[in-house]
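Trainee: What shape does this take:
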Amino acid sequence: MPGLPPMVAPPAGIVDAPLTASDAVNAVGTVLEQALDERLRFSHAVDPVFARELADRLIALVGRGGKRLRTAFTHCGWRAAGGSGDASAVLRTGAALELLQACALVHDDVMDGSVQRRGAPALHVELARAHWASGMHGSAEAFGTSAAVLAGDLALAWADDLLTETALGTPHGSLLHGEWRAMRTEMVAGQYLDLRAQATRSSGVDEALTIATLKSALYTVARPLALGASLAGADAQVVAALRAAGRCAGLAFQLRDDLLGAFGDPALTGKPADDDLRSGKLTYLLAVALQLSDAADDHQAAATLAPDAVPRSEHAVQRVRAALKRTGARDLVEARIGELTDMSLGHFGRTGAPPAVQDEFSTLVQHATGVRPRRAEEVA
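Mentor: Reported below is the predicted structural model:
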């Protein structure tokens, strides 16, 4: 069996300065494609069945894209900390984040029982269908779930490979790896607390915020910003400002996702709009709605939104949506998203980043949250 190949470096011509965040998002696709080609070749050398039935399906999921916001925020953090010149380490870090995201999506879909991802069947569903179509023995559903867990593990292994190789090849590799190590644990902690909240039928606002922060805010924005900054050898003050900016923007991003999970258009989101409602997932939106219904003595809304009143029928889902609106929770969450986006821009300004980089961050936050952040002079 051949030795494990190193992840390849980006081709010449895509790492010259100065890349914009948009350029980085486009360029990381090439880096990711080359890295995955290497992984797939090695997978075929290990076993062609494994490569064809598992590795290739995982690569197809990664190839279906997504917003690649984590890559954009990594680049933005790098530039805010004074990064310039060769951006290959930024792009490789972005590619590692995309693979980590693939792990998170595959496992999240298994835990939530989601049937669709990025406009196609979720990986565990696809693998179950392949089991059934091939006439294998045993439960197709159990096979699909087990194989999807392995696919997620494979994505995590590939992500760690790429990040470690990048860290070893940069002068600030220990800083980079420290941020990565913390991010992985935070992500798993948030996922576990999310799973536990569903099992215990929790409804607390503080608990919902903790889950949103660990599972999304840190992982989606704060840590990617810090990863990029670490590649530029940023000092503690800059990293602290970036983390604060990322927490606010990342939490706003998750609150937007909560709203899309209840009211979104599946044609735009690539997944059903009622998954969160039907699964009984604890979200800030739901927790606030319950709090507001109790405060207003709205017993009908409280009963509809109760943690143990998981909607099964479409009619029940529509009642939940109506209650989320009637209590004022939808409007309150929308307002909170606006506040958080403004706060994130203020924190980012403390990095001393050039105006062009601050504008780029503002654009990214707007893209992530659907709200245009206001500058300090606009708020005053």
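
Trainee: contacts and neighbour counts: CA atoms only from here.
Mentor: OK.

Trainee: Against the centre of the chain, work out the most remote residue.
Mentor: For the chain, the residue at maximal distance from the C-alpha centroid (C-alpha atoms, centre = their mean) is residue 297, at 36.4 Å.

Trainee: State the three-state secondary structure for that one.
Mentor: The three-state label given to residue 297 by DSSP: H, G, I helix; E, B strand; the rest coil is coil.

Trainee: how close does it sit to residue 290?
Mentor: Per C-alpha to C-alpha, to the nearest Å, residue 297 is found 10 Å from residue 290.

Trainee: again with residue 161
Mentor: Relative to residue 290, residue 161 is positioned 44 Å away (C-alpha to C-alpha).

Trainee: Of the two, which one has the most company?
Mentor: residue 290 (28 against 15; other C-alpha atoms under 10 Å).

Trainee: which is the next helix or strand following the strand or helix carrying that one?
Mentor: Under the criterion of DSSP states H and E, residue 290 resides in helix 284-295. Going down the chain from helix 284-295, the next helix or strand is helix 299-305, by DSSP H and E.

Trainee: quick one: contacts for the residue nearest in space to the middle of the chain?
Mentor: Nearest to the geometric centre of the chain sits residue 220, at 5.0 Å (C-alpha atoms, centre = their mean). For residue 220, the contacting residues are 69, 70, 250, by C-alpha atoms under 8 Å, 6 or more residues apart in numbering.

Trainee: one more time with 7 Å, if that's ok
Mentor: 70, 250 (C-alpha atoms under 7 Å, 6 or more residues apart in numbering).

Trainee: now swap in the one 4 residues further on and tell me
Mentor: For residue 224, the residues meeting the contact criterion (C-alpha under 7 Å, 6+ apart) are 70, 73, 74.

Trainee: before we move on, what about residue 170?
Mentor: Applying C-alpha under 7 Å, 6+ apart, no residues qualify as near residue 170.

Trainee: Just say helix, strand or coil for it.
Mentor: coil.

Trainee: With the one 5 residues further on instead?
Mentor: Using three-state DSSP, the three-state assignment for residue 175 comes out as helix.

Trainee: could the contacts of residue 224 go into TSV alongside neighbour count, distance to residue 141 and secondary structure?
Mentor: Compiled in TSV, the contacts of residue 224 are given as follows (neighbours: other C-alpha atoms under 10 Å; distance: C-alpha to C-alpha, whole Å; DSSP: H, G, I helix; E, B strand; the rest coil):
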residue	neighbour count	distance to residue 141	secondary structure
70	25	32	helix
73	29	37	helix
74	30	37	helix
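
Trainee: Specify which member of those residues is nearest to residue 359.
Mentor: Residue 359 lies nearest to residue 73 out of the contacts of residue 224, by C-alpha to C-alpha, at 12.7 Å.

Trainee: quick one: contacts for the spatially closest residue to that closest one that is not a sequence neighbour?
Mentor: The shortest distance from residue 73 to any residue other than its chain neighbours is 5.3 Å, reached at residue 225 (C-alpha to C-alpha, 6 or more residues apart in numbering). Contact analysis of residue 225 by C-alpha under 7 Å, 6+ apart lists 73, 74, 76, 77, 242, 246.

Trainee: rerun at 8 Å
Mentor: Per C-alpha under 8 Å, 6+ apart, neighbours of residue 225: 73, 74, 75, 76, 77, 78, 242, 243, 246.

Trainee: Just the closest of the residues you listed to residue 174, please.
Mentor: residue 78 (15.6 Å).

Trainee: pLDDT score for that closest one?
Mentor: Looking at residue 78, its pLDDT is 95.

Trainee: what do you get for the one 4 residues further on?
Mentor: Turning to residue 82, the model gives it a pLDDT of 91.

Trainee: Please apply the same query to residue 269.
Mentor: Residue 269 is assigned a predicted lDDT (pLDDT) of 60.

Trainee: Provide the count of other residues in contact range of the nearest residue to residue 299 once chain neighbours are set aside.
Mentor: Of all residues not flanking residue 299 in the chain, residue 293 sits nearest, at 7.0 Å (C-alpha to C-alpha, 6+ apart). For residue 293, the number of neighbouring residues by other C-alpha under 10 Å comes to 23.

Trainee: now swap in residue 300 and tell me
Mentor: 11.

Trainee: try residue 295
Mentor: If we define neighbours as other C-alpha under 10 Å, then residue 295 has 12 of them.

Trainee: Tell me how far it lies from residue 286.
Mentor: 14 Å.
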